[in-house]
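Participant: below are the sequence and a predicted model for it; my questions follow.
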Amino acid sequence: MSFSSRLYLVIIGVLFVLLVVSRYTGKSQESCSSLLKNAPIQGSEVKAIKSDITGRSYDLYIHVPDESVANRKYPVLYVLDGQWDFKLLDSIFGGLNYDGYVPQLIIVGITYSGPDPDYDSLRAKDYTPTQDPSVSGSGDAPKFLDFLKQELIPFIESKYPADPTRRVLMGSSYGGLFTLYAMFEDPALFSGYVAASPAVTFGSRFVFTQEAEYAENHTELPVKLFLSVGAAESLAYPVQNFMQTLKDRGYGGLNMEARTIEGERHAGNKPEAFNRGLRFIFQN
């Protein structure tokens, strides 16, 4: 066999090997991607709900206690921005429950349905209590609160062993703003509120005005509230100002912990805020 013939066979062999490796690698990556996309969080499930009130469709990430106790009811933690914070909360809860700081919970992470939802735009609509020209579509918090009261909570409490006397609402940033808004609009809807880095400057400091109007007609605010902010974020001073406003008001029945988290900014303070918030809400 001539040198050119041997070289030709070698080239053909190399090309064949590269083709096989390429096809195998492609399939492996596709399989891996599929696994990552569909990997469930143990003990959780996904439900979909369409709201007639907001006109939007939501996905619910739901953690259900992995135990079977007849007639037992569990507290329910409703988590805003479930697309980001449900996995974080599921992990935080697991550690706190193991250490005995919190009981078994039903956790409901609320997010949006669809193949590629614009989370920033949708949450800016649902979680803001007033219209602000700088935020397109803002001001739908009254509708979203009605969605919680009239559609979501009844759905959860009809499908799961939920304790209607022990509901907790948790949110950060716009979600924290909505948490405070809901607390002043209908304090009894939830027994506990966790607001991390709430956007209290939104809408010309709407929540300050809302609180002042509430105070004109109420001396009682019988809830547990955990309110926090990162020491190194731009919201630090406004949120601390709001903390002091609530302390000075002296509402009867208000059990509040206010915490400034040293060294953290707007997003990075969430793990500690949620951890401390849950511990506070469920401590005796």
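Facilitator: Structure received. For clarity, every value in this text was computed on a predicted model and none was experimentally measured.

Participant: element containing the closest residue to Arg166 other than its chain neighbours, please.
Facilitator: In space, and not counting its chain neighbours, Arg166 is closest to Pro75: 3.7 Å by C-beta to C-beta, 6 or more residues apart in numbering. (Glycine included, C-beta is placed from N, CA and C.) Under the criterion of DSSP states H and E, Pro75 resides in strand 74-79.

Participant: how about residues contacting the helix or strand that that strand is followed by?
Facilitator: Past strand 74-79, further along toward the C-terminus, the next helix or strand under DSSP H and E is helix 82-98. Residues from elsewhere that reach helix 82-98 (C-beta atoms under 8 Å, 6 or more residues apart in numbering): 41, 44, 59-61, 63, 77, 79, 102-105, 107-112, 117, 119, 170, 172, 175, 270-271, 274-275, 278-279.

Participant: where are the low-confidence patches of the stretch 51-200 of the chain?
Facilitator: Residue ranges of the stretch 51-200 of the chain with pLDDT under 70: 68.

Participant: where along it do the strands fall?
Facilitator: 57-63, 74-79, 106-112, 162-172, 192-196 (DSSP state E, counting those that start in this stretch).

Participant: got the CA coordinates for the first one in PDB?
Facilitator: Only the C-alpha atoms of strand 57-63 are listed here, as PDB (Å, rounded to 0.1, in the frame of the first residue of the first chain):
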ATOM      1  CA  SER A  57     -51.400  33.100  35.000                       C
ATOM      2  CA  TYR A  58     -49.300  31.900  37.800                       C
ATOM      3  CA  ASP A  59     -47.200  28.900  38.600                       C
ATOM      4  CA  LEU A  60     -47.200  27.800  42.300                       C
ATOM      5  CA  TYR A  61     -44.200  25.900  43.600                       C
ATOM      6  CA  ILE A  62     -45.500  24.100  46.600                       C
ATOM      7  CA  HIS A  63     -43.600  22.300  49.300                       C
END
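
Participant: in it, what counts as buried?
Facilitator: Neighbour counts over strand 57-63 (16 or more other C-beta atoms under 10 Å) mark 58-63 as buried.

Participant: need the contact list for Pro271.
Facilitator: Taking C-beta under 8 Å, 6+ apart as the test, what Pro271 contacts is 88, 92.

Participant: now the helix or strand it falls within: average pLDDT?
Facilitator: Per DSSP H and E, Pro271 falls inside helix 270-282. Mean pLDDT, computed over helix 270-282, is 96.

Participant: thank you kindly, that will do.
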